[in-house]
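1. make a model of this:
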Amino acid sequence: MSILYMILALLIIMGLAMLLYCVLKIRGGEAIALAVILDVLLMYIGGCMQWFDFGIIVAELLAGAGLLCMVYGWFRSRDRKQFLGAFFSPSFIILILLFAVSVIGFYGDFIQTIDDFHQWAAAVRYMMEKGTFPQPADFIGSSSLPVTTGLFHLFFQLIGGYNEGNMFVSSLWLTWVGMMLPMSSYTWKDWKKAAFYFVLVFTAVYSLYNHPYKSLYVDIPVAGWSAGLIGWWMLGRKGFQEKRQKAAAALLLAAGLVFTANIKWAVGFLFDAFILFYILIQYICDYGLQRIWLWIRKYAKVMIVLLIGGIGGLAAWQYATPYSIIPGSISGTAEALTMSSMKARQTFLALITNVFGKNLNGGSSLLIKIGPLIAAICLIFLLIGHYEKKTEKKNYFMKAGFIFICGLGYLAVLYVTYVSTFPEAESISNAAVHRYFAIYAVFAFAILASSLLDNTVKKKFNYLPLIAAALLLVFGYGINKKFVSQVSSIDSESIPGYDSIQEAQKASKKLDGLVAENEKMYFLSQADELGDVDEIFMAAVLYYEEGRISNYITEPWKYMEDGSLWGVRNSEETISGLAPRLYGGGYTYLWLHTKDDYIETVLEEQYNCDKVVEDGLYRIQYEGEAVTGLELVDEL
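-> Residues are numbered from 1 along each chain as shown. As a prediction, this is how the structure comes out:
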């Protein structure tokens with residue numbers, strides 16, 4: 001039944017796209033992109049009302065109106081084949097096929113990554129169960145992170161019911177709606193190029209990102225929508241001639257910029273700057289600096305008002321909401337820019353080393369580093385420009401410069417972010433740097449793919465698709481047996497952490513029969529070192545037992561003689577703080593996942609525990625506010 005409900009949800013999105021297609025007279029690929037944004041906006045309004053069903057109800061009504069408009073437009077059209085063909089364009093059909101295949105492929109799948117467990121999937125389930133946006137008081141993740149993509153997943157979950165595999169469907173589809181924007185101007189005459197673009201980028205993403213298809217992470221969506229908007233402008237700008245077309249393009253661009261900015265804080269704003277920078281330099285290449293100057297003089301007052309309004313709006317947002325647009329603090333930024341600390345200098349050196357030494361995806365057979373990849377993309381643009389006519393030469397040189405300059409800017413922002421926001425150990429080690437590099441890698445490669453498959457190129461022998469074919473062969477080499485488990489629920493046993501997730505699921509089911517819904521457990525795991533802890537197990541348990549178990553990210557999960565560990569941070573809180581924490585948090589049980597000699601001694605001597613076992617569930621005995629004993633209930 002879940003598949004049928006997913007199809008119903010897709011039909012609603014298609015109905016919204018039909019309405020936008022008929023009203024705005026835009027192309028099918030553009031209509032579906034605006035429909036996704038409109039759907040998220042409706043769900044957001046519903047969230048503000050603490051009634052998410054409002055978004056679904058309004059979407060259904062608008063979808064019905066869209067279907068009626070489509071039927072009416074078809075009857076009124078002089079060229080009915082062209083009317084339908086412009087909506088059901090190659091990019092639109094590719095997206096529908098992707099949805100259909102992923103619904104079947106991800107059937108029965110489950111959440112598999114740490115951040116999905118304690119943030120992205122957790123946010124979707126929280127909104128589904130509580131009917132409101134995540135709140136800091138009871139949400140296991142960070143309530144200050146955007147829920148933009150989560151609202152899109154929530155739309156499908158509320159219609160089809162809670163289903164972890166379907167979260168992957170909506171996540172993958174959301175990404176590719178943005179990624180396919182460059183192909184929205186392609187008619188059925190160019191369907192092969194549209195299909196080739198999809199296959200090329202889809203294949204490349206496997207070697208560029210650790211979780212290419214099955215995750216709710218917002219890295220690839222922000223890269224896909226940013227590159228998609230640039231490619232859409234690059235290939236379709238010459239079609240925006242009439243006032244109506246210009247107005248529709250301005251609407252899509254503005255909506256896309258706002259949407260991208262809200263996918264991932266700070267990073268989205270940075271990529272918005274890249275999009276606007278590209279449009280500016282493309283305009284200069286097309287019309288020259290003199291026309292830009294005339295345009296600035298003509299609209300100077302309007303631009304000043306928009307600039308002041310924009311800065312004021314961002315400042316008001318920064319001041320009035322808990323959501324930070326700019327990462328880090330002023331002092332941390334100054335520390336990074338002046339390199340005044342050992343932390344800043346070591347972070348900078350590590351980042352430069354990782355640019356040329358860190359693999360983007362360890363699962364692929366093709367080991368790619370961000371530095372050589374960006375150099376290769378720039379070199380391809382330069383070589384194409386070298387052999388092109390003078391009129392086209394500057395365009396390719398401009399694209400090479402754009403990728404290089406934005407790459408340096410992205411690296412600079414990443415460096416400042418590490419120094420100003422990350423703890424020293426994570427900053428110096430460039431924690432999760434492969435993921436952050438991958439965002440720009442996917443962004444740059446998608447722009448290259450759009451350029452190579454440009455349908456506006458008119459020449460006797462177009463060699464650009466041959467370069468694209470060569471790149472497909474290169475990235476095709478990266479496909480290996482792990483690919484199957486990444487694009488489907490088949491061979492799930494091979495995914496990293498599978499055994500731990502299964503163990504967590506079994507423990508959670510057993511706990512349902514032992515612990516009442518209104519009772520809470522405190523979780524301890526005395527792994528020898530931080531790197532030895534099975535975090536995927538801890539994250540899965542936190543997700544499955546949300547609200548009933550302590551949060552290992554914000555509370556101690558291991559005690560040592562000289563302190564404790566919270567998440568990946570050391571704390572000075574010693575074991576003496578455990579008893580007050582148990583009483584103050586209203587905990588009924590203690591779950592000891594793993595033990596060491598220290599905790600065994602402490603529990604025996606200070607907590608009157610007769611038998612200390614791993615995966616033991618203990619009932620906490622209180623006398624007033626004091627913990628007087630631990631009684632073993634069961635071994636999980």
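
2. and for the closest residue to residue 544 other than its chain neighbours, the neighbour number?
-> Excluding its sequence neighbours, the residue lying closest to residue 544 (Cβ to Cβ, 6 or more residues apart in numbering) is residue 508, at 3.9 Å. All C-beta spots, glycine's among them, are computed from the backbone N, C-alpha and C. Residues lying near residue 508 (other Cβ atoms under 10 Å) number 17.

3. elements contacting whichever strand or helix holds residue 508?
-> For residue 508, the host element (DSSP states H and E) is helix 498-512. Applying 3 or more Cβ pairs under 8 Å, 6 or more residues apart in numbering; DSSP states H and E, we find helix 498-512 packed against helix 535-544.

4. cutoff 10 Å now
-> helix 535-544, strand 589-594, strand 616-623, strand 626-635 (3 or more Cβ pairs under 10 Å, 6 or more residues apart in numbering; DSSP states H and E).

5. Serialize these to a markdown table and add fields for distance to residue 208, mean pLDDT and mean neighbour count.
-> Below are the helices and strands packed on helix 498-512 laid out as a markdown table (distance: least, Cβ to Cβ, whole Å; pLDDT from 0 to 100; neighbours: other Cβ atoms under 10 Å):
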| stretch | distance to residue 208 | mean pLDDT | mean neighbour count |
| --- | --- | --- | --- |
| helix 535-544 | 23 | 92 | 24 |
| strand 589-594 | 35 | 93 | 22 |
| strand 616-623 | 43 | 92 | 17 |
| strand 626-635 | 44 | 90 | 15 |
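
6. got TSV for those, with distance to residue 273 too?
-> Formatted as TSV, these follow (distance: least, Cβ to Cβ, whole Å):
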stretch	distance to residue 273
helix 535-544	33
strand 589-594	45
strand 616-623	52
strand 626-635	54
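
7. my read: residue 48 touches residue 147, true?
-> No. Counting by Cβ atoms under 10 Å, residue 48 does not reach residue 147; the two are 11.7 Å apart.

8. shared neighbours of these two, anything?
-> Shared contacts of residue 48 and residue 147 (Cβ atoms under 10 Å, 6 or more residues apart in numbering): residue 133.

9. could you check which of the two is surrounded by more residues?
-> Applying other Cβ under 10 Å to residue 48 and residue 147 shows that residue 147 carries more neighbours, namely 22 against 11.

10. next, the more buried one: phi, psi?
-> Dihedral angles of residue 147 (phi, psi; degrees, to the nearest 10) stand at phi -110, psi 20.

11. ends of stretch 158-165, how far apart?
-> Distance across stretch 158-165, first residue to last, is 14 Å (Cα to Cα, to the nearest Å).

12. cool, stretch 511-520 as well?
-> One end of stretch 511-520 sits 11 Å from the other (Cα to Cα).

13. buried residues of it, list them for me.
-> Residues of stretch 511-520 classed as buried: 511, 515, 520 (neighbour count, 16 or more other Cβ atoms under 10 Å).

14. give the contact list for the last one.
-> Okay, so that is residue 520. 545, 547, 548, 549, 550, 582, 585, 586, 587, 588, 589, 620.

15. cutoff 6 Å now
-> Contacts for residue 520 (Cβ atoms under 6 Å, 6 or more residues apart in numbering) come out as 548, 586, 587, 588.

16. now it: closest residue in space, sequence neighbours ignored.
-> residue 587 (4.8 Å).

17. for that neighbour, which three-state class applies?
-> What DSSP: H, G, I helix; E, B strand; the rest coil gives for residue 587 is coil.

18. what is the burial count for it?
-> Considering only other Cβ under 10 Å, residue 587 is surrounded by 21 other residues.

19. list the helices and strands the longest helix anywhere in the chain packs on?
-> Of all the segments assigned as helix in the chain under DSSP state H, the longest by residue count is helix 390-421. Counting contacts by 3 or more Cβ pairs under 6 Å, 6 or more residues apart in numbering; DSSP states H and E, helix 390-421 packs against helix 267-287, helix 330-338, helix 342-357, helix 370-387, helix 433-452.

20. take those helices and write them to a markdown table, including mean neighbour count.
-> Shown next, in a markdown table, are the helices and strands packed on helix 390-421 (neighbours: other Cβ atoms under 10 Å):
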| stretch | mean neighbour count |
| --- | --- |
| helix 267-287 | 18 |
| helix 330-338 | 15 |
| helix 342-357 | 16 |
| helix 370-387 | 17 |
| helix 433-452 | 24 |
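
21. quick one, what contacts the residue nearest the centre of the chain?
-> Nearest to the mean C-alpha position of the chain, by Cα atoms, centre = their mean, lies residue 218 at 0.7 Å. Residue 218 makes contacts with 149, 263, 264, as judged by Cβ under 6 Å, 6+ apart.

22. and the second one, how many residues sit next to it?
-> If you count neighbours by other Cβ under 10 Å, residue 263 ends up with 25.

23. roughly how far apart are it and residue 37?
-> 11 Å (Cβ to Cβ, to the nearest Å).

24. next: the last one.
-> Counting by Cβ to Cβ, the gap from residue 264 to residue 37 is 16 Å.

25. contacting residues for residue 131?
-> Contacts here follow Cβ under 6 Å, 6+ apart; on that basis residue 131 touches residue 50.

26. I should have written residue 428 there, sorry.
-> Counting by Cβ under 6 Å, 6+ apart, residue 428 makes contact with 346, 347.

27. and residue 586, by the same measure?
-> Residue 586 touches residue 520, counting by Cβ under 6 Å, 6+ apart.

28. show me where the stretch 201-350 of the chain has its helices.
-> Secondary structure of the stretch 201-350 of the chain (DSSP state H, counting those that start in this stretch): helices at 219-236, 243-263, 267-287, 289-298, 300-320, 330-338, 342-357.

29. perfect, I'm done here.
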